[in-house]
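Novice: please work out how this folds:
(chains A and B)
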2 protein chains.
Amino acid sequence: MYVIIVYDINVDRVNKVKSFLRTHLHWIQNSVFEGEVTRSEFEEIKDGLKGIINKDEDSVILYTMRSEKALKRKVLGVEKAPIGGIL
Amino acid sequence: MYVIIVYDINVDRVNKVKSFLRTHLHWIQNSVFEGEVTRSEFEEIKDGLKGIINKDEDSVILYTMRSEKALKRKVLGVEKAPIGGIL
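Specialist: Numbers count the residues shown, from 1 in each chain, chains lettered A, B, ... in the order given. Coordinates of the predicted model:
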């Protein structure tokens, strides 16, 4: 499955979220990560995030789709992290 | 077609981008909009954004998929803008 994660995290926790997600996904742009993951990896990511965020202050949206083929991506302006093969 | 737009825009222009996108899509979270659009609306959104951003500084990613059905959405923590019927 393919996942896009966007987040709005309190400044005290945002770096922790970012370094955690870097271990699983591609950093695309401020507060945006993407990547192909297995079902168990996705569960791991969700559990990891739950352990970091404050659920009353922070917000994380996890979009999933069957595969990257379901998705088209257009970039306007600067491409902060060209994801090469994934594009 | 269903579109998710994420952006990383210089502070001088970010409000202009936000108010422009509000006329077409749902605000979901900081720098994230979503919604169902026609092909011509999508072109209109792209052209409108190109007219606002500085292509050497700002970054906008437009993810499109055939329909919202191709997408699942999981929210952890605060849901900043429950999009009711669309969920």
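
Novice: residues making contact with the one helix or strand A:Phe42 maps to?
Specialist: Assigned by DSSP states H and E, A:Phe42 belongs to helix A:39-52. Helix A:39-52 is contacted from outside by A:1, A:3, A:5, A:13, A:16-17, A:20-21, A:24-25, A:37, A:60, A:62, A:64, B:74, B:76, using Cβ atoms under 8 Å, 6 or more residues apart in numbering or on different chains. (Each C-beta comes from the backbone N, C-alpha and C, glycine too.)

Novice: so A:Glu79, which state does it fall into?
Specialist: coil (DSSP: H, G, I helix; E, B strand; the rest coil).

Novice: check which residues of the helix holding A:Phe42 are buried.
Specialist: Using 16 or more other Cβ atoms under 10 Å in any protein chain shown as the test for burial, helix A:39-52 gives A:Phe42, A:Ile45, A:Lys46, A:Gly48, A:Leu49, A:Ile52.

Novice: ok, stretch A:57-68 next?
Specialist: By neighbour count on 16+ other Cβ under 10 Å, the buried set for stretch A:57-68 is A:Asp58, A:Ser59, A:Val60, A:Ile61, A:Leu62, A:Tyr63, A:Thr64, A:Met65, A:Glu68.

Novice: please see if that stretch touches chain B.
Specialist: Yes. Legend: contact between stretch A:57-68 and chain B by Cβ under 8 Å from any Cβ of the partner chain is shown at A:Glu57, A:Asp58, A:Ser59, A:Val60, A:Ile61, A:Leu62, A:Tyr63, A:Thr64, A:Met65, A:Arg66.

Novice: in chain A, where is pLDDT below threshold?
Specialist: A:83-87 (pLDDT under 70).

Novice: gap between the residue lying farthest from the centre of it and chain B?
Specialist: Distance from the C-alpha centroid of chain A, by Cα atoms, centre = their mean, peaks at A:Gly77 (20.6 Å). A:Gly77 is 4 Å from chain B, where distance means Cβ to the nearest Cβ, to the nearest Å.

Novice: just to revisit the earlier point, from the residues of stretch A:57-68 next to chain B, which is closest to A:Ile9?
Specialist: Closest approach to A:Ile9 among the residues of stretch A:57-68 next to chain B (Cβ to Cβ): A:Asp58, at 4.6 Å.
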